[in-house]
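Visitor: quick one: sequence and predicted model below, then my questions.
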Amino acid sequence: MEDIFYGQQSVLIVDVLVDGRIADIFVDDKGIIGAVGVGIRKDYKGEADFLLDGNGAVAIPGLVNTHTHAAMTLLRGYADDMILQDWLSQKIWPLEAHLTKSDVYWGTKLACLEMIRTGTVAFNDMYFMMEEAARAVDEVGIRATLSYGFIDLFSEEKREAECKATEYLVRHIKTLDNPRIRAAAGPHAPYTVSPEGLKWCAEFAREQKIGIHIHVSETEKEVSDCIARHGKRPAVLLDECGVLTPGTVAAHCCWLDEAECVLMGERGVSVSHNPTSNMKLATNRAMPCHLLSAAGANVCLGTDGCASNNNLDMFEEVKIASVLQKFFWNNPTLLPADEALAIATLHGAQALGLQTGRLVAGTPADIVLVSADIACNTPLHNATSNLVYACSGSAVETTICNGRVLMLDRNVPGEEQVLEGAVKAAQELVKRAQAKK
C-alpha cells in the first residue's frame, strides 16, 4: 500500500460517510472525482489502481487556510504573551532579519507537514524569499497561493525594490508550471504600504491575472492612524487604490465598520477570519462575519502564522471562529456548524479561485477522511457538529490533494526528515540572531 503515496493513480475509497450516508468515492488517475455515491464500487472496482477502505470515516472536502505565514513555524513559541507592537518590534522582526532561504524552505515544509496531518490541502501565504516556499510546496504535494510581503514604508526607493521582488516571484512561479502553486500580489497593509505601492500592486495583479493578499484593520490603532494620515478608513483607501476586487483576500478585518462591510460585499472581496491570532494578540474586536456575509462578502478562515497562533490546525480554528462570533456578538445562533465548516472548505476554495471545496463528480479530489472510531466522534448524532465543535486535526487519518494520497492512516512519508531539518533551521536562526546582540 506504500505505493499509493507516489505518482498520480486512481483510487476507490469505500465505506465513508458522505452527507450522512455511507458511500464510495472514485478518483480517476487525473486526480478528479469521477463519482460519489452509495454502492458505486461495483462500477469502478476494476478501474481503480488502489482500494482504500474508509472504515466508516467521515469524508469532507480538504480544508483551506486563507491567511498564514507558513515559514513562521520556525518561530513557534519564540515569543508569546506580549503587546502586539512590542511583540513585533522587540522579538519577531529582529529574528526575521536573520532569516535565510534555507530557513524559509524548512519552515514552509514543516508548515505543510502540519497542514497535511490536520486536513488542510491548500493555503494562502505571504512572506519573504517565497521561491523557497514554492520549492517546499512543490515537493510536498499540497496547494498554495504565494505572495511576497510588499512593504515600502512610504519610501519611493524601497517601493521600487518591492516591485521588483514581486515581479520576480510571479515570474518564478510561472516557470514552475505547477497547477497547484499560484502567485498573488501581497501588499502587506495600508499602514506599511504607500498609496502608490497599493495602486501598483492592484494594477500588477490585474495585468497578471493574479489575486491580492493583504492585512486590513486588524487593530483599532490601524484605523485611527489611517484616518489621521489619509483622512479615510482603510477599506475606503484600499478601494480608491483598486485593491478591493473579487480576487482579493483581506485578512483580519476586525475593525471594519458597517459601511466598510457593505463595500467589501459590493467588491466581492474574500475576508479571512483569524480568530485565534486576534484573540491571543488582544485586538479587542471580533470580525463582523454576520455583517460581511449579509453584504455578500465571501467569509473564509485562516490561522495566521505560528508565531501568533501557534498552530495551523484548521479544526481548532473553525471551532474558535464559531464560538467567538457567538460570544462577542452575544448571539448563539451566529456561525452555526454548517456555515462554520463551509468557511473552512468551500468558501476558502472560492477565495483562492479553486474548483475544490465540494465532494462532487468532476471536481479535483481534495478529500479528508476523519476517523469515526474515535472519542470526539462518539456518539455521531451529527457529523458536522462533531467536526466543528468536538474534533481537532488529530482526528484526521487520511489526506488527499489533487487525487494524490499525502497521508494514509496518519502516516506521512518523509516526516522525520522534515522535523529534523526544521529543528536544525530554527536552532541556527536563533543562534545567528543572538550572536548579533
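Guide: Thanks, I have the structure now.
Visitor: for the nearest residue to residue 180 once chain neighbours are set aside, which residues make a bridge with it?
Guide: In space, not counting the residues next to it along the chain, residue 180 is nearest to residue 143; the distance is 4.6 Å by Cβ to Cβ, 6 or more residues apart in numbering. No exception for glycine: its C-beta is placed from N, CA and C like everyone else's. Beta-bridge pairing of residue 143 under DSSP bridges involves residue 122.
Visitor: which residues touch residue 143?
Guide: 121, 122, 123, 137, 180, 181, 352, 354, 366, 401, 402 (Cβ atoms under 8 Å, 6 or more residues apart in numbering).
Visitor: recalculate using a threshold of 10 Å.
Guide: Contacts for residue 143 were tallied using Cβ atoms under 10 Å, 6 or more residues apart in numbering; they are 62, 64, 120-124, 137, 178-182, 349, 352, 354, 356, 364, 366, 401-402.
Visitor: filter those down to the buried ones, PyMOL style.
Guide: The buried subset of these, as determined by 16 or more other Cβ atoms under 10 Å, is captured in PyMOL by this line:
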select buried, resi 62+64+120+121+122+123+124+137+180+181+182+349+352+354+356+364+366+401+402
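Visitor: mind checking which of the contacts of residue 143 are in strands?
Guide: Counted as lying in strands by DSSP state E, out of the contacts of residue 143, are 64, 120, 121, 122, 123, 124, 181, 182, 401.
Visitor: which one of these is nearest residue 254?
Guide: residue 124 (18.1 Å; Cβ to Cβ).
Visitor: do you know how far that closest one is from residue 11?
Guide: Note on residue 124: its distance to residue 11, by Cβ to Cβ, to the nearest Å, is 27 Å.
Visitor: now swap in residue 4 and tell me
Guide: The value you get for residue 4 to residue 11, if Cβ to Cβ is used, is 7 Å.
Visitor: look at those two and report which has more neighbours.
Guide: residue 11 (23 against 17; other Cβ atoms under 10 Å).
Visitor: so where do the helices sit in the stretch 251-400 of the chain?
Guide: Assigned helices in the stretch 251-400 of the chain, in chain order: 258-267, 275-280, 289-295, 314-328, 337-344, 346-351, 383-389 (criterion: DSSP state H, counting those that start in this stretch).
Visitor: distance between the fourth one and the chain's centre?
Guide: For helix 314-328, the separation from the chain centroid amounts to 16 Å (computed by Cα atoms, centre = their mean, to the nearest Å).
Visitor: related to what we said a few turns ago, state the pLDDT value of the residue nearest to residue 180.
Guide: At residue 143, the model reports a pLDDT of 98.
Visitor: just residue 139 next, same as before
Guide: For residue 139, the predicted pLDDT is 97.
Visitor: secondary structure element for it?
Guide: Taking DSSP states H and E as the criterion, residue 139 maps to helix 130-140.
Visitor: I'd guessed residue 151 sits against residue 190; true?
Guide: No: using Cβ atoms under 10 Å, residue 151 makes no contact with residue 190, being 11.5 Å away.
Visitor: give the residues shared as contacts by those two.
Guide: residue 197.
Visitor: sorry, back to before: of the helices of the stretch 251-400 of the chain, which stretch is the most buried?
Guide: Among the helices of the stretch 251-400 of the chain, the stretch with the highest mean neighbour count (mean count of other Cβ atoms under 10 Å) is helix 346-351, at a mean of 25.
Visitor: which other helices and strands does it contact?
Guide: Other elements packing on helix 346-351 under the criterion 3 or more Cβ pairs under 10 Å, 6 or more residues apart in numbering; DSSP states H and E are strand 58-61, strand 63-68, strand 120-127, strand 248-252, strand 270-273, strand 298-301, helix 337-344.
Visitor: how far off centre is that helix?
Guide: Worked out by Cα atoms, centre = their mean, helix 346-351 lies 10 Å from the chain centre.
Visitor: and for stretch 422-437?
Guide: That offset, for stretch 422-437, works out to 27 Å (Cα atoms, centre = their mean).
Visitor: which residues are contacting that stretch?
Guide: Applying Cβ under 10 Å, 6+ apart, the set of residues contacting stretch 422-437 is 71, 73-78, 91, 94-100, 102-111, 113-114.
Visitor: and if you look at stretch 324-337?
Guide: Under Cβ under 10 Å, 6+ apart, the answer for stretch 324-337 is 254, 273, 275-276, 278-279, 284-291, 293, 299, 318-319, 321-323, 339-340, 342-343, 382-389.
Visitor: try 7 Å this time
Guide: With contact meaning Cβ atoms under 7 Å, 6 or more residues apart in numbering, stretch 324-337 is reached by 275, 279, 286, 289, 290, 321, 322, 384, 385, 388, 389.
Visitor: out of the residues you listed, who's nearest residue 250?
Guide: After measuring the contacts of stretch 324-337 against residue 250 - Cβ to Cβ - the closest member comes out as residue 289, at 13.0 Å.
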